[in-house]
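J.: I'll drop the sequence and a predicted model, then ask my questions.
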Number of protein chains: 2
Amino acid sequence: MATDHTRSAILTAAERLYADRGFADVTLRDIVAAAGVNLAAVNYHFGSKDELIAELFVTRSLATNRERLNELKAAEEAGGGRADIGVVLRALVGPTLRGCLGPDKQRSDAARFMIRASIESVPPIRKIKNREVDHLRKFAAAMKRALPDRDEVDLYWGLHFALAMAHQTIRDTERLTKLSDGKCDLNDVDAITDRVVAVAALALTTATGRAAKTARITRAVG
Amino acid sequence: MATDHTRSAILTAAERLYADRGFADVTLRDIVAAAGVNLAAVNYHFGSKDELIAELFVTRSLATNRERLNELKAAEEAGGGRADIGVVLRALVGPTLRGCLGPDKQRSDAARFMIRASIESVPPIRKIKNREVDHLRKFAAAMKRALPDRDEVDLYWGLHFALAMAHQTIRDTERLTKLSDGKCDLNDVDAITDRVVAVAALALTTATGRAAKTARITRAVG
DNA sequence: CATAGTTTCATACGTCTGTTTGAAATGCAA
DNA sequence: TTGCATTTCAAACAGACGTATGAAACTATG
């Protein structure tokens, strides 16, 4: 064992390559070349390519979830067991956004790997991913504490939309930049987080009747 | 030429398989087996696998864009050159949502194929996809007409978020269903469209100062 | 019917993939 | 140093992939 240099070199190289180019385009030979180790090392240390991916994913998954929950717990403890809905949402989308966007320097391979994992549904990950729901349930519960009068279904949709906006912003940076001719600043992570949280919170705090009615009217007009 | 049964059989089978299982998991041999034709037929009729995918994508892409623009134009003409922001957004997200969600019967392979295409970034599609921005620009312009006083950047973000919510809802149906224990009805397409449009419109019509301030406050509190 | 052109077919090719193998190298205790 | 276990390495393996080939089966025109 010792420091197991080879093992961690593989993990680092694999994470970076997968984050950069996705799962489909990266072969074991690419990984071992980047890691500077022999081809057989992957199978020796991890058993198979799938097990390497799975280990990468569970490690990062646990870390991200821990970060999110820490932020949530700190906020709820500070608020006496209940946090503002905006703070809850920020704890949900903040960690991932910070990891994936912003200046190159602070952009981590880890966060970008997680995005890849959530985009490209590769078999070894798909099986593990179902546990994510249990993690999100904690946030749904916190949202319920923040907005006890709100209909449960609305809360789920709000959580879903918040993740959708954060997720898509990370994934499709290019399109928004082109569409806006660079006017949308994708480097200001705090501002982006503000936007996502603001929209989700707004949707959750506005009277559902009014929103639904507006939508129905526009539908009738259209 | 005649009816070119083989050609269209390949297209149909390929679209369905790609929609169901994604690009990575579907081989030419899967396609020709499903289409009931010979392996060499793909290369004979389309030149290569990539060209088959490209043809599939441009066909569907043009159809979707046409549908969206028809809805937009009809609304703007009815409104004397300017449509309500909700109607514009509905024209943007409605066609795709209708095609991808709802009861199995009305769910089309075409729409699901397009979602796959937007998720898994396969080389032959990636090159073509840049044109989508030009299409979206027309919606950005319509949004500007609907909300002439709104800051341009806000409009781009609103458009981006609307697409994000629609897109993610289609893509991650399973997670939301599980999280909500089935309480979120993914079969009621109109209701879902209402929600997406309502949230996006709400974000676009609420005073930006208030939203930003709320976000900043929650950030400070957290 | 004959024939030229098109389409289908079985089959094979070359390449790339993840994985395996057995020998060589290394680390470490006695 | 000797001996044993761990780790590395070059090389090869079997399988799957997209593609190419040439003969066979069609279709339609004269």
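T.: Here it is on my side, so go on. Residues are numbered from 1 along each chain as shown, chains lettered A, B, ... in the order given.

J.: make sure A:Leu136 is actually in contact with A:Leu159.
T.: Yes: assessed by C-beta atoms under 8 Å, A:Leu136 is found in contact with A:Leu159 at 6.7 Å. Every residue, glycine included, has its C-beta placed from N, CA and C.

J.: mind listing the helices for chain A?
T.: For chain A, helices defined by DSSP state H occupy the ranges A:5-21, A:28-35, A:40-46, A:49-78, A:85-100, A:109-119, A:123-129, A:132-146, A:152-171, A:173-179, A:189-205, A:208-221.

J.: and A:Leu136 and A:Leu159? which has more neighbours close in?
T.: The neighbour comparison of A:Leu136 against A:Leu159 (other C-beta atoms under 10 Å in any protein chain shown) goes to A:Leu159, with 25 against 20.

J.: now do the contacts for that one.
T.: A:Leu92, A:Leu136, A:Phe139, A:Ala140, A:Met143, A:Ala200, B:Leu179 (C-beta atoms under 8 Å, 6 or more residues apart in numbering or on different chains).

J.: and A:Lys127, how many neighbours?
T.: Quick note: A:Lys127 (other C-beta under 10 Å) scores 10 neighbours.

J.: swap in A:Ser108?
T.: Per other C-beta under 10 Å, the neighbour tally for A:Ser108 reads 16.

J.: list the contacts of it.
T.: A:Gly99, A:Cys100.

J.: quick one, phi psi at it?
T.: phi -100, psi 140 (degrees, to the nearest 10).

J.: one step back: between A:Leu136 and A:Leu159, which contacts overlap?
T.: Residues touching both A:Leu136 and A:Leu159 (C-beta under 8 Å, 6+ apart): B:Leu179.

J.: can you pull the contacts of the residue nearest the centre of chain A?
T.: Taking C-alpha atoms, centre = their mean as the criterion, A:Thr96 is the residue nearest the geometric centre of chain A, at 4.5 Å. By C-beta under 8 Å, 6+ apart, A:Thr96 lies in contact with A:Thr64, A:Ala111, A:Met114, A:Ile115, A:Ala166, A:His167, A:Ile170.

J.: the fifth one and A:Val196 touch, don't they?
T.: Yes: in this structure, A:Ala166 is within contact of A:Val196 by C-beta under 8 Å, at 5.2 Å.

J.: touching both of these two, which residues are there?
T.: A:Val93, A:Leu97.

J.: hmm, back to that, and the residue nearest to the centre of chain A, what pLDDT?
T.: Predicted confidence (pLDDT) at A:Thr96: the value is 90.

J.: cool, A:Asp25 as well?
T.: Note on A:Asp25: pLDDT of 91.

J.: do the same with A:Leu69
T.: 96.

J.: got a list of what A:Asp109 touches?
T.: A:Asp109 makes contacts with A:Thr12, A:Glu15, A:Arg16, A:Ala19, as judged by C-beta under 8 Å, 6+ apart.

J.: determine which two of these are furthest apart.
T.: A:Thr12 and A:Ala19 (10.9 Å; C-beta to C-beta).
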